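>>> Got a sequence here, can you build the structure:
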Amino acid sequence: MNKTLACLVVAAIAMPAWADEGMWTFNSFPADKVKSKYGWSPTQEWLDHVRLSSVRIAGGCSASIVSPDGLVMTNHHCAHSCIAQLSTPKKDIVKAGFYAKDGKDEVKCPEIELNQLVEITDVTKAVQDATKGVEEAKFNDLQRAKIAELEKACATSDDLRCDVVTLYRGGKFDLYKYRRFQDVRLVFAPEFEIAFFGGDPDNFMFPRYDLDVSFLRIYGADGKPAKQEHYLKWSANGAKDGDLTFVSGNPGGTSRLLTVGQLEATRDVALPLSLTRLGEMRGMLTEYGNRGVEQRRHSEGMLFGVENSLKALKGRHGALADRKFYASKVAAEAAFKAKINADANMKKTYAGVWDAIQATTDKSRDYRKAYAALEGGVRSDLFGTARTLIRAADEMPKPNGDRLKEFADSRIPQLKQKLFSKAPIYDEFEVALLTFSLTKIREDLGADHPVVKQVFGQRSPEEIAKDAVKNTKLKDLKVRTDLFADGKGKDKIDASKDPMILLAKAFDAPARAERKKWEDEIDGPLRKQGEQLANAYFGVFGKSTYPDATFTLRLSYGTVKGYLDSGVEVKPLTTLGGAFDRATGRAPFALPKSWLDAKSKLALDTPFNMATTNDIIGGNSGSPVVNKEGEVVGLVFDGNIQSLGGEFGFDESVNRTVSVHSSALIESLDKVYGARRIVEELRPTGGTKAGGK
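Prediction:
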């Protein structure tokens, strides 16, 4: 972490949103600030158009609508689950790529759901009134009940999804109403070799040479492409060095508003535990993939995710382990406290909140291991299915506000799509995942823990896993449907002798107990304390800055710009020709045959990947990069290595968003893949006009 970032974090306490910093909500975008710096700012019409042209992939990525016929652009790695689920041993489209030459060839993704944000409503008063004056132990239950009530009233059909979004860690609550699309079909995906060119060595690096793209399409209830009023037109010329850019996407989460005590716990407890487990997981998946071609095909998507997370968390830990950066956070908090203590009324109201947060954070250290092991320690699709069926039978008969949040009425359509997915299940991979998970749970809790003794008995983790996977009937969609019974399958679940159901049941009661303890004694108090801290922040700085990211739609602004890395200039644009120069013919730097064959046809000086100063974080993958006209000039797929500290702070001098340039997308679609149908659909031939001032 460099000195500049440390200085910026200190500066951030004295003024809101430095430089091009900020992942702004669409209902509080700082248009005047952009106008002051760049001489142009978006109109409300422009903001509404870009918002409605942006969509969220419910599983954790961003995307955008890029044609009136519902064509959607996102990353290859965001659609990887769909691409892998549609692959077979005879036709591995992850490896070979996919192009639907005709509409009838577009294939439905088993599990992808897209969400389009159509309305934002401030519900802060309703949520905060529901918990006013209550003790910390009841805070979470009452808040969850009110949120479930608001979401249910909003989601008047299965075509709508409504989420109450927590902003400023409890200082503000907005109700986001989404249009839900569940018939999403694959249109195009390049070969994995070019979508992830450079592999893990190049991940979070720049210069880059990746075509990390896929195209999907939204279909309506009539089985036809769903017509869209709002979509992003394609830029004729893309973007060049110095151009103003905007990124519209769904950053997953940041921790810029955490206290120093919370950052310390993150650095010393949470991150080391996660890094250790991810490292072990990486080893297991690598070994599994080395068993053969099919095993590699089953596991490569998960391995990519694990390696990506491992590198990202190493960067975050490095930021917090940097003494200068950490000292800057300490100094910033001290300055904040000084402002509170300088006002008698604010001191009386808020001075104790840091101690309260610290006490809760300290307690969480003791609770974390059992909660993580029992509630989230098993990675297996079949086990997850069994747990969902068991909990649905228990939760869905309850009043909406009393349920676990994932079983609230507003969440049921997405739950059903996953539960009733026709995606293939691979027994050998499930055994490997379940064996690994059970082994780690026993390590974490100890052989004498009552749950371990009950679950394991005289059997090894592998014996348990093989029995449960081999003999379960949950791979049969009809069985899952029958056991779910629209949430009324408790009698059937209770009578079931399915080994996977029995295994999930053995974990369920103790896992629920640990979750309840965590929600009552850790999550609830931190929510209440976070609300107090947010109010203190508003009292000092007002509401003119942006909240932490929450996997909800945000807009950032920046420019196409290079940077200095250890004194060496890094230019903001690479070219298609650079990919051929970088290629070695060996993985992960091997170009696919389609690219080698097309080299003579390509304009090798076409911009390929692009670096901009936009402020992003994980979850922004698949976000469109647009210009002042609201036209696509790029597709976000990564950040540079310096951006990993962006979890906790932003340094415009080196933090960079990395995107596929729009010109490279058109050039490769046309000359490498012959995808004329897509190219013609993307050409700038109309669309809702966006404006600026």
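
>>> Strands of the stretch 51-200 of the chain, start to end?
Taking DSSP state E, counting those that start in this stretch as the test, the strands found in the stretch 51-200 of the chain are 54-57, 61-65, 71-74, 98-99, 107-108, 114-122, 160-167, 172-181, 184-189.

>>> how about TSV for the ones you listed, with mean pLDDT, mean neighbour count and distance to T606 added?
(C-beta placed from N, C-alpha, C; glycine too.) As requested, the strands of the stretch 51-200 of the chain are exported to TSV (pLDDT from 0 to 100; neighbours: other C-beta atoms under 10 Å; distance: least, C-beta to C-beta, whole Å):
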stretch	mean pLDDT	mean neighbour count	distance to T606
strand 54-57	98	28	26
strand 61-65	98	27	21
strand 71-74	98	26	18
strand 98-99	98	20	20
strand 107-108	98	16	30
strand 114-122	98	18	30
strand 160-167	97	21	39
strand 172-181	98	22	32
strand 184-189	98	24	19
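
>>> Make CSV from these and add distance to S274 to it.
Putting the strands of the stretch 51-200 of the chain into CSV (distance: least, C-beta to C-beta, whole Å) gives the following:
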stretch, distance to S274
strand 54-57, 23
strand 61-65, 20
strand 71-74, 26
strand 98-99, 33
strand 107-108, 34
strand 114-122, 27
strand 160-167, 22
strand 172-181, 28
strand 184-189, 30
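
>>> Which one of those lies nearest to D394?
Nearest to D394, of all those, is strand 160-167, at 23.1 Å by C-beta to C-beta.

>>> Just the CA trace of the closest one, in CSV.
Taking Å, rounded to 0.1, in the frame of the first residue of the first chain, the C-alpha atoms of strand 160-167 are listed here in CSV:
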residue,chain,number,x,y,z
LEU,A,160,-40.9,-8.4,-9.1
ARG,A,161,-38.2,-8.7,-6.5
CYS,A,162,-38.0,-6.2,-3.7
ASP,A,163,-35.0,-5.7,-1.3
VAL,A,164,-34.6,-3.3,1.6
VAL,A,165,-31.1,-2.1,1.3
THR,A,166,-29.0,-1.1,4.3
LEU,A,167,-26.9,2.0,3.6
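
>>> now the angle from it to strand 114-122?
60 degrees (axes from the mean of the first three to the mean of the last three C-alpha atoms, to 10 degrees).

>>> strand partners of strand 160-167, parallel vs antiparallel please.
If you go by DSSP bridges, strand 160-167 pairs up with strand 172-181 (antiparallel).

>>> Could I get the average pLDDT for the longest helix along the chain?
Longest helix of the chain, by residue count under DSSP state H: helix 293-321. What helix 293-321 shows for mean pLDDT is 96.

>>> what angle sits between the helix or strand just after it and helix 293-321?
Downstream of helix 293-321, the first helix or strand assigned by DSSP states H and E is helix 323-341. Interaxial angle, helix 323-341 versus helix 293-321 (the same axes, to 10 degrees): 60 degrees.

>>> F507 touches V451, doesn't it?
Yes: assessed by C-beta atoms under 8 Å, F507 is found in contact with V451 at 6.8 Å.

>>> So which of these two has more stuff around it?
Between F507 and V451, counted using other C-beta atoms under 10 Å, the more crowded position is F507 (23 against 19).

>>> Tell me the confidence at that one?
pLDDT at F507 comes out at 98.

>>> List the contacts of the nearest residue to V660 once chain neighbours are set aside.
Nearest residue to V660 in three dimensions, chain neighbours excluded: L635, at 4.5 Å (C-beta to C-beta, 6 or more residues apart in numbering). If you count contacts by C-beta atoms under 8 Å, 6 or more residues apart in numbering, L635 has them with 73-75, 212-213, 622-625, 659-660, 662, 665.

>>> Same question for V431.
Going by C-beta under 8 Å, 6+ apart, the list of residues near V431 reads 462, 465-466, 469-470.

>>> Now, of these, which are buried?
Buried by 16 or more other C-beta atoms under 10 Å: 465-466, 469, out of those.

>>> show me where the stretch 501-650 of the chain has strands.
Under DSSP E, counting those that start in this stretch, the stretch 501-650 of the chain gives strands at 554-559, 563-565, 568-570, 573-575, 607-612, 624-626, 632-639.

>>> TSV for the ones you listed, including distance to Y38 and mean pLDDT?
Formatted as TSV, these follow (distance: least, C-beta to C-beta, whole Å; pLDDT from 0 to 100):
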stretch	distance to Y38	mean pLDDT
strand 554-559	8	98
strand 563-565	19	97
strand 568-570	23	98
strand 573-575	20	98
strand 607-612	13	98
strand 624-626	14	98
strand 632-639	15	98
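
>>> Of these, which is nearest M23?
Of all the strands of the stretch 501-650 of the chain, strand 554-559 comes closest under C-beta to C-beta, at 4.0 Å.
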